[in-house]
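[1] Sequence and predicted structure below; questions after.
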Amino acid sequence: MKRIYLDHASTTPLRPEVLEAMLPFLKEQHGNPSSIYGEGREARKALDRARDRIATILGASPREIIFTSGGSEADNLAIKGAAFALKDRGNHIITSAIEHHAVYNTCRYLEKHGFRITVLPVDSYGLVDPAAVAAALTPETILVSIMHANNEIGTIQPIAEISKILKERKILFHTDAVQTVGHIPVNVQELGVDLLSLSAHKFYGPKGVGALYVRRGVRLDPLIHGGAQEHNRRAGTENVAGIVGMAEALVLAALEMDKEIERQRELRDRLISGIMERIPHTRLNGHPEERLPGNVNVCFEFIEGESLLLNLDMQGIAASSGSACTSGSLEPSHVLLALGLPHEIAHGSLRMTLGRGTSAADIDTVLEVLPGIVDRLRQMSPLYDADAFCKTH
Amino acid sequence: MKRIYLDHASTTPLRPEVLEAMLPFLKEQHGNPSSIYGEGREARKALDRARDRIATILGASPREIIFTSGGSEADNLAIKGAAFALKDRGNHIITSAIEHHAVYNTCRYLEKHGFRITVLPVDSYGLVDPAAVAAALTPETILVSIMHANNEIGTIQPIAEISKILKERKILFHTDAVQTVGHIPVNVQELGVDLLSLSAHKFYGPKGVGALYVRRGVRLDPLIHGGAQEHNRRAGTENVAGIVGMAEALVLAALEMDKEIERQRELRDRLISGIMERIPHTRLNGHPEERLPGNVNVCFEFIEGESLLLNLDMQGIAASSGSACTSGSLEPSHVLLALGLPHEIAHGSLRMTLGRGTSAADIDTVLEVLPGIVDRLRQMSPLYDADAFCKTH
Amino acid sequence: MYSEKVMDHFTNPRNVGEIPDADGVGVEGNAVCGDIMKLWIKVEDGRIVDARFKTFGCGAAIATSSMITELVKGKTIEEAMQISNTAVAEALDGLPPVKMHCSNLAADALRKAIDDYLAKQKGAEENNG
Amino acid sequence: MYSEKVMDHFTNPRNVGEIPDADGVGVEGNAVCGDIMKLWIKVEDGRIVDARFKTFGCGAAIATSSMITELVKGKTIEEAMQISNTAVAEALDGLPPVKMHCSNLAADALRKAIDDYLAKQKGAEENNG
Ligand SMILES: Cc1ncc(COP(=O)(O)O)c(C=O)c1O
Ligand SMILES: Cc1ncc(COP(=O)(O)O)c(C=O)c1O
């Protein structure tokens, strides 16, 4: 059975061209970039080139790029690094209620180290209000971290607007752009951020490699101490092949970005409206327009997400859910709860994220298969029965 | 010109068999191990298998292995993780003067967070005295970190002896085994350690992936907060291909370990004695017997390391030095200084580390080429001239 | 993640539905934590002759629901009361650790259905007596 | 890392050696920080007609030593005193940032050799005067 992969926000397949670019560094070119002999210098050159390419695409300069082991490390480095470096200036950090756990849990951890965290609410579309950011600022505020686009519901935040407020007050601004880099235009100057995280495996690059943009002059305590790599800001022998792959993937993504945005948006909207037409008691999560081109997130009332995913999987469709049962916790997605959804609805969410390989035929298949699955699960659900003890509104 | 690579302690080429094992996960098997559908489950299975294999070889159980982005991250996680988790119990950490920067600088950083660090000296062979560890213990001591074998001079520490002392006192013991795993037997039970770092690219695995062994029951604050990966101890989408490669590399290394130890030891000793015979004013650094099978480290008086390396490079030989000029600092290697070498001698060090691909012919070539290079540099050196203003001792 | 048995019961759940004239009904779980099971039993001569369920929940919740209805059929009330949540999990060849709460759910719903049956019996006896 | 010019001067250093009857000698650096340069000059009619060096140090130290001896030959003392460390680095098509201290070394050693020459001159004049 041909599989239909609709979980690109979780991870993407490595592009064959990217693997091609990586292979020399997984074969004969094995030098350590810190070594001064030929093999080392070749590796160094490859790293420098990768850094240049990534910086150019982001509108940054090469010295402003720190390579990391992924988006989570980049987020941790940005937030802990800035917090600890600036702790003499203040102890207050502002973030939003819909951040990825790599930001959210990092902030929570900093509370143990004496920092005070303000978690801003979002509206029912998942938007942070720039005015709320302004209102939350205190003389103690040293850092604001608001993600560029949300990984679950795809809502894109007004980052440039927020950065204007923060620039006036000279407060550091971090954005987790893991879901946007390689998918929609991301330029650190236009966004006006000081710190920006990205992760290669979200744009058809390899897993386990990412980067943090750090505006010139911003001080950070390193997260990983040790050797002098990355100008003393991130120790450890560099994942040369991975970094080369990340740069290649980003360049390729930039080249086809306009076309892909248009194409995926169309498929996305077709999938959304198809679902809405075919399946009653369904809601769209996230913003209808300010939304990642590949993101579809809906809640089906009366059913639970994991059992939906398993059924889709058996039909050859890979998707994801904010259901508690996919995360091993009892609470469903904090993002869906932050939108104001009641627990029982939040449990029934389905995220389908489109990618380069998604075709119109794939969308049609999903629209054929999905209503039957939802209906079958609803027939099994004690909530669906009109006489049930606890009909949800 | 055929290159002779003698810098295996810096990094090793990826084994073709390892790349072969990785490739499926760089191609069709792109699932995220956290996903519940087929692609995700396949990735999870591969991760679990890798974890089992690594645990088995180390004498650990799978739950005790945390995957990281390399040796530096493993060291940082072990030391910061334990320090912050135990800071209510005490604030004293003991380490040695010859640790890798990933340990050394991490400890230094912890001083800024209120921890007190004791740096134990080593003898002229680079050995830590277990009695000195015992003597340094205080009621505040929460962690001891002593490396298994040193990356520069190859000296192997009496870890099992030290662990006996610490077990009685129930003090956590970390060892940086980045240079030993895959090269000499490493068994966490025999060593008696609670935390052990390793890095794949040191044993013909990929760069940018490593692991930390954490004995069951040991609490650590995570270094990278975020998702629930690695049982909530290390967030971030797993580098599946890298982890699979690491396991494969470790298994292959284990299979040929006995043979390679014997072979490399012989070549090593031939290289050492060949140098000693041919080049006057030379000393061997590190322990003559308690030494990594592939490690040769010598100091040539009157000359400086970097210019030696560049000359070797031009002759097709890749090696390394503890020279300040290879590290961008003015101080030569802290390891050589800790042995009691004067600065001017420490500047003239040459490290050649042998590997699987090193042949007797390679050793012979080095022994042919090296004396001429050393002589030429000495002829250029103002220190070598008997009448020079500053003849070293 | 799930054993083959779990997947079998999830894919082809046994005894889905309601028993309109049930002798006992039990509900366990709540929508907040994402799992609700409702279980109906039919009892004849102190023996459970039929059991049906409806479940809102994950794969494990559905599979344990299905399994427990299979397990109780033909059992006496006393025997059925002995069915523990670990027994349900074992009958399914195990559940992932994070899913163990789902097997609690099934056993607890069964217990409630039995309690409901016993209460009705008592009520009936009292009415008769 | 190094420019081609640096590598050329490192590989084939010009003017290595001593000048036994030198008119000026300068030493700069120390073994502790890993770089020592010794520079000899021969002066005729206020013009440097020969310069030689011996250097203990890294590739950049050797290359800057070689380059500065080339730069000073034929120069008057006054001209030679103008040679800055950046001039040496530039003549080598640049040095890596971490190596800039090596070019200081060469310019400083030259300055010391010239000072030595001037001091000797002054001594000789005084003796004559
Ligand atoms: C002893 C030792 N510890 C730690 C490291 C750091 O490992 P990595 O470069 O994989 O971060 C190295 C090698 O660089 C090492 O030799
Ligand atoms: C918004 C966001 N931030 C951070 C991350 C973490 O990235 P990584 O898995 O590369 O550590 C992810 C993806 O998992 C993400 O979607």
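    In hand now; what should we look at? Ligands and ions are numbered 1, 2, ... in the order given.
[2] May I ask which helix or strand of chain C has the lowest mean pLDDT?
    When the helices and strands of chain C are compared on mean pLDDT, DSSP states H and E, helix C:100-128 comes out lowest with a mean of 87.
[3] quick check, it touching chain A?
    Yes: Helix C:100-128 lies within reach of chain A by CB under 8 Å from any CB of the partner chain, at residue C:101. Placement of C-beta: from N, CA and C, glycine included.
[4] cool, stretch C:23-43 as well?
    Yes: interface with chain A: stretch C:23-43 contributes C:27, C:30, C:31, C:32, C:33, C:34, C:35, C:36, C:37, C:38 (CB under 8 Å from any CB).
[5] quick one: the residue lying closest to the fourth one once chain neighbours are set aside and chain B, what's the gap?
    Nearest non-adjacent residue to residue C:32, counting by CB to CB, 6 or more residues apart in numbering or on different chains: residue A:343, 4.2 Å away. Distance of residue A:343 to chain B, given as CB to the nearest CB, to the nearest Å: 20 Å.
[6] same deal with residue A:186?
    The value you get for residue A:186 to chain B, if CB to the nearest CB is used, is 19 Å.
[7] before we move on, what about residue C:90?
    Noted for residue C:90: a distance of 22 Å to chain B, by CB to the nearest CB.
[8] Which strand or helix spans that residue?
    helix C:85-91 (DSSP states H and E).
[9] Show me what that helix is packed up against.
    Under the contact criterion of 3 or more CB pairs under 8 Å, 6 or more residues apart in numbering or on different chains; DSSP states H and E, helix C:85-91 touches helix C:59-72, helix C:100-128.
[10] And those helices: which comes nearest ligand 2?
    Nearest to ligand 2 among the helices and strands packed on helix C:85-91 is helix C:59-72 (22.9 Å), distances taken as CB to the nearest ligand atom.
[11] That closest one vs helix C:100-128, what angle?
    Taking axes from the mean of the first three to the mean of the last three CA atoms, to 10 degrees, helix C:59-72 and helix C:100-128 form an angle of 40 degrees between their directions.
[12] in helix C:59-72, what's buried?
    Across helix C:59-72, burial judged by 16 or more other CB atoms under 10 Å in any protein chain shown covers C:59-72.
[13] low pLDDT regions in chain A?
    A:324-330, A:385-393 (pLDDT under 70).
[14] Mind doing that once more with 50?
    Applying pLDDT under 50 to chain A flags the ranges A:386-393.
[15] And chain A, is the helix or strand harbouring residue C:7 touching that?
    Assessed by DSSP H and E, residue C:7 sits inside helix C:4-11. Yes: using CB under 8 Å from any CB, we find that helix C:4-11 touches chain A at C:7, C:10, C:11.
[16] Which member of those residues is positioned nearest residue C:53?
    The closest of the residues of helix C:4-11 next to chain A to residue C:53 turns out to be residue C:10 (CB to CB; 12.9 Å).
[17] what's the spacing between residue A:219 and ligand 1?
    Distance of residue A:219 to ligand 1, computed by CB to the nearest ligand atom, to the nearest Å: 23 Å.
[18] ok, that residue - contacts?
    Residue A:219 makes contact with A:82, A:85, A:86 under the criterion CB atoms under 8 Å, 6 or more residues apart in numbering or on different chains.
[19] you'd agree residue A:6 is up against residue A:357?
    No: with contact defined as CB atoms under 8 Å, residue A:6 does not reach residue A:357; the gap is 10.0 Å.
[20] Just want to know which of those two has more residues nearby.
    residue A:6 (26 against 12; other CB atoms under 10 Å in any protein chain shown).
[21] beta partners for the residue nearest to the more buried one when sequence neighbours are not counted?
    Using CB to CB, 6+ apart and skipping the chain neighbours, the partner closest in space to residue A:6 is residue A:352 (4.0 Å). Beta-bridge partners for residue A:352, by DSSP bridges, are residue A:296.
[22] list the contacts for residue A:352?
    A:6, A:7, A:271, A:296, A:297, A:319, A:320, A:366.
[23] Just the ones in helices from those, please.
    The helices, defined by DSSP state H, take in A:271, A:366 from these.
[24] From chain B, how far off is residue C:8?
    16 Å.
[25] And for that residue, the neighbour number?
    By the measure other CB under 10 Å, the count of residues near residue C:8 is 17.
[26] how near is it to residue C:67?
    The gap separating residue C:8 from residue C:67 is 10 Å, by CB to CB, to the nearest Å.
[27] returning to that earlier point: does the residue nearest to residue C:32 touch residue C:36 like I think?
    No: contact criterion CB under 8 Å: residue A:343 and residue C:36 do not qualify, at 11.3 Å.
[28] follow-up on the earlier one: Serialize the helices and strands packed on helix C:85-91 to TSV and add fields for distance to residue A:124.
    Formatted as TSV, the helices and strands packed on helix C:85-91 follow (distance: least, CB to CB, whole Å):
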stretch	distance to residue A:124
helix C:59-72	29
helix C:100-128	30
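[29] Out of those helices, flag the one nearest residue A:228.
    helix C:100-128 (48.2 Å).
[30] of residue A:343 and residue C:36, who's got more company?
    Taking neighbours as other CB under 10 Å, residue A:343 and residue C:36 compare with residue C:36 leading, 27 against 18.
[31] On the strand side of things, show who that one bridges to.
    In beta-bridge terms (that is, DSSP bridges), residue C:36 pairs with residue C:29, residue C:56.
[32] That one against residue C:30, yeah?
    Yes: applying CB under 8 Å as the test, residue C:36 and residue C:30 come out as touching, 6.3 Å apart.
[33] And the residue of the stretch 151-300 of chain A closest to chain D?
    Going by CB to the nearest CB, chain D is nearest to residue A:228 of the stretch 151-300 of chain A, at 9.6 Å.
[34] tell me the phi and psi of that residue?
    As for residue A:228, its main-chain torsions (degrees, to the nearest 10) stand at phi -90, psi 10.
[35] do the same with the one 4 residues further on
    For residue A:232, the backbone dihedrals are phi 70, psi 20 (criterion: degrees, to the nearest 10).
[36] Hmm, residue A:222 and it touching each other?
    Yes: between residue A:232 and residue A:222 a contact is recorded at 7.1 Å, counting by CB under 8 Å.
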